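**Student:** I'd like to go over a predicted model; first the sequence, then the structure.
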Amino acid sequence: MTLPSPDPAGLADERRWRALLEWLKGHRMLVDSEHLLVQRRTTTASGAGNGLFATTDVPRQAPLFTLPGSAKLNARTLAHYPNSKQLTATQLIALHLLLFRPTVGKESDDRLFGPYISILPRDFGSHPLTWIVHRTLGAASREESTLLDLLPPSTLAALGSLEERFWKDWGTVRLYLDGSPEVIAPRHRAREESEWTLNFMWAWLNVNTRCLYDDLGLDKENNISLCPIFDLANHAWAQPTMEPVRTAESEVWDGPSSGDKDNSDLVCVSHNTGIEQDQEVTLKYGWHPNRTLFVEYGFVNSISAGAEEIGAGTYPGEIEVQDIIEGMLERRGKAGAFMKRTLSAEGYWGDWTLHSTPIPGQASFRLITALRLYHVFSSGWDGEVRTEEDMSAASRRWRETIMGQEEVVSEANERACAESIRAICAETLRRAEEGMSAVDEAMRLGGDERYLSAWRSVRMLWAEERSVAAALLTAPSPIM
């Protein structure tokens, strides 16, 4: 097995790793070679940076390390902030990171979590949220602007939603700081507004990309924690090698816990297969399509450049076609507006997707449902004055299909839906090929090497759309 080569630039990371272990010992974590079976190393994976590697052979379902509850950053370990319940867990953790972000070349001066904060990523320049926030602030680089312009429409829409969440959280935290200025260190009080915003973005991205769902006995949205060591593990969509287990649920841990019942220790165990010495220890961040991984975490699943795995059925590709369906409805005038209201009222607005598995692919039920309603109304409805009662009566049979009383609206309606799906696939295929060509041209022209992994990710997003669309065009019927 080829090991990552030593990286002189990683000496600071190695020093911070050692400081982290010393800090964790202060939380009564066992970090000797018998109890901590992983170590931080620089990984050769594109854009990943650091990773966890096994220090010895590990059998299946064996503990790799146990993280004390007191070492986690969450709403319970940060409850000392005044009026902390005014903030969500995401806002509270991001606030703490904001106040104790390390300056360039320095370590965090936080006496509670400083060694952990110091080992967090220092920069998120390759994350798409950085690009779109820079653009909103009028500070986007040429490379960032070009990357945004070449994103698939569904990815750009998802990124817009993420940016809305960011600005909402920053607005809440800014109001909190205005009301609790005593939490701000004097040296930070002269910061410009843009500096506050960009520092909060760094903090917020650390929370959004690294937090683990952790049942703390709080509301669902507040049951999250930043977990030292654990959060260095990279994502693997196939055959992850590690999984987290709370001590209360663990069958492989019978030692004492340093956490309380609502902030218990976290045991990380090997997966159903063992781990070889020097093998990278990986997690699966849940099952998400590539556009979600890219928008939320800044990377895509590692598959071949031509996405051959999608055509072979070994990787489940997915396309969201929201913009295409919305365009179809907008062109239908009053009938289209009625369809939008109806789909929203019945819970079928949005999340319209095409899938490559099972081979040769199919449309989601939500998309089929939307298209069935679309084809209830022939083009003759567009230019005629119809009442709401007329349109409701015409869609009665469609309503029976979503209630399970009828299989289909009609055979003619099903054929029209199938033809629409093929037309959507053809349009998606066309623009995916154009998108890939535009990305290839941008990469050929060269640019900042720091964005190379980002360019590859954007190309993969388009390649996935092309492969899924091509697969469905070969399907005998794209309807389940």
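**Tutor:** Perfect, I can see it now. Numbering: from 1, shown residues only.

**Student:** give me every residue that touches residue 75.
**Tutor:** Residues near residue 75 by Cβ atoms under 8 Å, 6 or more residues apart in numbering: 84, 89, 92-93, 216, 218, 222. Bear in mind the C-beta positions are built from the backbone N, C-alpha and C, glycine included.

**Student:** Could you pull out the helices in the stretch 51-200 of the chain for me?
**Tutor:** For the stretch 51-200 of the chain, helices defined by DSSP state H, counting those that start in this stretch occupy the ranges 89-99, 114-119, 128-136, 142-149, 153-179, 193-210.

**Student:** Any idea which of those gets closest to residue 378?
**Tutor:** With Cβ to Cβ as the measure, helix 153-179 is the member of those nearest residue 378 (27.6 Å).

**Student:** Show me what that closest one is packed up against.
**Tutor:** With contacts taken as 3 or more Cβ pairs under 8 Å, 6 or more residues apart in numbering; DSSP states H and E, helix 153-179 sits against helix 89-99, helix 128-136, helix 193-210, helix 290-297, helix 322-330.

**Student:** So residue 109 versus residue 185, what's the distance?
**Tutor:** In this structure, residue 109 and residue 185 are 8 Å apart, going by Cβ to Cβ, to the nearest Å.

**Student:** Likewise for residue 475?
**Tutor:** Residue 475 is 60 Å from residue 185, where distance means Cβ to Cβ.

**Student:** do the same with residue 35
**Tutor:** Distance from residue 35 to residue 185, by Cβ to Cβ: 36 Å.

**Student:** The two: who's more crowded?
**Tutor:** Shown here are residue 35 and residue 185; by other Cβ atoms under 10 Å, residue 35 has more neighbours (13 against 9).

**Student:** For the closest residue to that one other than its chain neighbours, grab the count of nearby residues.
**Tutor:** Closest residue to residue 35 apart from its sequence neighbours, by Cβ to Cβ, 6 or more residues apart in numbering: residue 65 at 6.6 Å. By other Cβ under 10 Å, the residues close to residue 65 number 21.

**Student:** What residues does residue 65 make contact with?
**Tutor:** 29-31, 35-38, 229, 267-268.

**Student:** What remains of these if I keep only buried residues?
**Tutor:** Buried members of the contacts of residue 65, counted by 16 or more other Cβ atoms under 10 Å: 29, 36-38, 229, 267-268.

**Student:** any idea how far the residue nearest to residue 35 is from residue 98?
**Tutor:** For residue 65, the distance to residue 98 (Cβ to Cβ) stands at 28 Å.

**Student:** now do residue 397
**Tutor:** 55 Å.

**Student:** what about those two, which has more around it?
**Tutor:** Neighbour totals were compared for residue 397 and residue 98, and residue 98 leads with 21 against 16 (other Cβ under 10 Å).

**Student:** Once you drop chain neighbours, what's closest to that one?
**Tutor:** Residue 98 sits nearest to residue 203 (Cβ to Cβ, 6+ apart), 4.3 Å away.

**Student:** Distance from stretch 356-373 to the middle of the chain?
**Tutor:** Mean-position distance between stretch 356-373 and its chain equals 23 Å (Cα atoms, centre = their mean, to the nearest Å).

**Student:** Show me which residues of it are buried.
**Tutor:** Applying 16+ other Cβ under 10 Å to stretch 356-373 flags 356-357, 360-364, 366-373 as buried.

**Student:** what do you get for stretch 421-440?
**Tutor:** The neighbour-count check on stretch 421-440 (16+ other Cβ under 10 Å) flags 421-422, 424-425, 428-429, 431-433, 435-436, 438-439 as buried.

**Student:** cool, stretch 262-274 as well?
**Tutor:** Across stretch 262-274, burial judged by 16+ other Cβ under 10 Å covers 263-271.

**Student:** quick one: low-confidence parts of this protein?
**Tutor:** Scanning the chain for pLDDT under 70 picks out 1-10, 44-48, 246-261, 304-307, 379-386, 480.

**Student:** Nearest the middle, which residue of it would you pick?
**Tutor:** The chain has residue 296 as the residue nearest its centroid, 3.0 Å off, counting by Cα atoms, centre = their mean.

**Student:** residues in contact with it?
**Tutor:** Residue 296 sits next to 162, 208-209, 288 when contact means Cβ under 8 Å, 6+ apart.

**Student:** Try it again at 10 Å.
**Tutor:** Neighbouring residues of residue 296 by Cβ atoms under 10 Å, 6 or more residues apart in numbering: 127-129, 158-159, 162, 205, 208-209, 285, 288.

**Student:** any chance of those in a markdown table, plus distance to residue 462?
**Tutor:** Formatted as a markdown table, the contacts of residue 296 follow (distance: Cβ to Cβ, whole Å):
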| residue | distance to residue 462 |
| --- | --- |
| 127 | 19 |
| 128 | 15 |
| 129 | 20 |
| 158 | 15 |
| 159 | 15 |
| 162 | 20 |
| 205 | 24 |
| 208 | 24 |
| 209 | 23 |
| 285 | 22 |
| 288 | 18 |
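
**Student:** Adding distance to residue 180 and neighbour count, write those residues out as TSV.
**Tutor:** Below are the contacts of residue 296 laid out as TSV (distance: Cβ to Cβ, whole Å; neighbours: other Cβ atoms under 10 Å):
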residue	distance to residue 180	neighbour count
127	29	24
128	32	26
129	26	21
158	33	21
159	31	20
162	27	19
205	23	25
208	23	21
209	26	18
285	33	20
288	36	17
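
**Student:** Out of those residues, flag the one nearest to residue 14.
**Tutor:** Comparing these against residue 14 with Cβ to Cβ places residue 209 closest, at 22.2 Å.

**Student:** is it true that that closest one touches residue 127?
**Tutor:** Yes: at 7.5 Å, residue 209 and residue 127 qualify as touching, with contact defined as Cβ atoms under 10 Å.

**Student:** which residues do those two both contact?
**Tutor:** Shared contacts of residue 209 and residue 127, defined by Cβ under 10 Å, 6+ apart, are found at 121, 296-299.

**Student:** Return the member of these nearest to residue 170.
**Tutor:** Within the shared contacts of residue 209 and residue 127, proximity to residue 170 (Cβ to Cβ) peaks at residue 296, which comes in at 17.2 Å.

**Student:** where's the closest one relative to residue 448, distance?
**Tutor:** Relative to residue 448, residue 296 is positioned 23 Å away (Cβ to Cβ).

**Student:** same question, residue 355
**Tutor:** Residue 355 is 35 Å from residue 448, where distance means Cβ to Cβ.

**Student:** And those two? Which one has more around it.
**Tutor:** For residue 355 and residue 448, the more surrounded residue by other Cβ under 10 Å is residue 355, and the numbers stand at 21 against 13.

**Student:** pretty sure the more buried one contacts residue 364?
**Tutor:** Yes: the criterion here is Cβ under 10 Å, and residue 355 meets it with residue 364 at 6.6 Å.

**Student:** my read is residue 354 is in a helix, agree?
**Tutor:** No: under DSSP: H, G, I helix; E, B strand; the rest coil, residue 354 falls outside any helix and is assigned strand.

**Student:** ok, it - contacts?
**Tutor:** Residue 354 makes contact with 317-321, 361-364, 367, 421, 424-425, 428, 465, 468-469, 471-472, 478, according to Cβ under 10 Å, 6+ apart.

**Student:** repeat for residue 52
**Tutor:** Counted by Cβ under 10 Å, 6+ apart, residue 52 has contacts 37-41, 43, 64-65, 229-234, 241-242, 268, 279-283.
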